[in-house]
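Q: A structural model of the following input is requested.
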Amino acid sequence: MKKIMIVFSILLLIGCKSKTVIIAPEPEIENAKIVKLDLTAIDADQKAKAYELGKRVLMTCNTSKFKPFNLNEATTSVIKNTTEERLTKTCTRFRQYYGTFIDLHLVEVYKNNFDGSTLFRYKASYTKKVANKELRVTMNEENKVSSIKSLDWVNSFLME
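A: A predicted model of the protein is given here:
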């Protein structure tokens, strides 16, 4: 009986050999899906528009008034999802934890070569020093806001 158990144990160990893992080579910069752009390489008008639209959303927390986006500024889905009721709900929580919104500071810009969009990554400053928030404003090829997202600030860029 012991011999049979030893033989099965050896067969089990032989059958459980590790697989070889093939690591794909890094994509070339030209073919990369997301590329970090130099801040000076961005069109000044596009940079200003992204800043103004992002700031408009966060200033709602201070003024409790939101001027809705129009079709020249944002996509239909952003207009539909950015309502005063939703912003008020978010702003109540933000004001409680972070204080009054002060300003946005552009940190990084990324170009998505897959869909042609440009992602502006802003660090939002608030009156309370514990506030460490990020605002991502994505502009599509038509220079319209295609998404606005608030996240906790992380120094390294992670696409979500």
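
Q: where do the strands sit along this structure?
A: In the chain, the strands defined using DSSP state E lie at 34-37, 101-112, 118-126, 133-139, 145-152.

Q: can you list these in TSV and add distance to residue 67?
A: To be clear about C-beta, it is placed using only N, CA and C from the backbone, and glycine gets the same treatment. Formatted as TSV, the strands of the chain follow (distance: least, CB to CB, whole Å):
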stretch	distance to residue 67
strand 34-37	29
strand 101-112	16
strand 118-126	19
strand 133-139	16
strand 145-152	13
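
Q: and of these, who's closest to residue 76?
A: strand 145-152 (10.1 Å; CB to CB).

Q: returning to what we had before: any chance of the strands of the chain in TSV, with mean pLDDT and distance to residue 93 too?
A: Converted to TSV, the strands of the chain look like this (pLDDT from 0 to 100; distance: least, CB to CB, whole Å):
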stretch	mean pLDDT	distance to residue 93
strand 34-37	88	30
strand 101-112	93	13
strand 118-126	94	12
strand 133-139	93	11
strand 145-152	92	10
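
Q: and the ones you listed: which comes nearest residue 60?
A: It's strand 101-112; of the strands of the chain, that one is closest to residue 60 (CB to CB) at 8.8 Å.

Q: contacts for that closest one, please.
A: 33-37, 39, 42, 47, 51, 54-55, 58-59, 61-62, 94, 117-127, 135, 157 (CB atoms under 8 Å, 6 or more residues apart in numbering).

Q: repeat that with 7 Å
A: Contacting residues not belonging to strand 101-112 are listed as 33-37, 39, 42, 51, 54-55, 58-59, 61-62, 118-127, 135, 157 [CB atoms under 7 Å, 6 or more residues apart in numbering].

Q: mind giving me the ChimeraX command for buried ones among those?
A: Per 16 or more other CB atoms under 10 Å, the buried members of the contacts of strand 101-112 correspond to this ChimeraX selection:
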select :42,51,54,55,58,59,61,118,119,120,121,122,123,124,125,126,135
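
Q: picking that back up, of all the strands of the chain, which one comes closest to residue 80?
A: strand 145-152 (12.4 Å).

Q: so who does residue 127 touch?
A: Counting by CB under 7 Å, 6+ apart, the residues that residue 127 touches are 99-100, 102.

Q: please list the outside residues in contact with the helix of greatest length in the chain.
A: The longest helix of the chain (DSSP state H) is helix 44-63. Identification of contacts with helix 44-63 by CB under 7 Å, 6+ apart yields 66-67, 73, 82, 87, 91, 94-95, 100-101, 104, 106, 118, 120, 122, 124, 135, 137, 139, 143, 145, 148.
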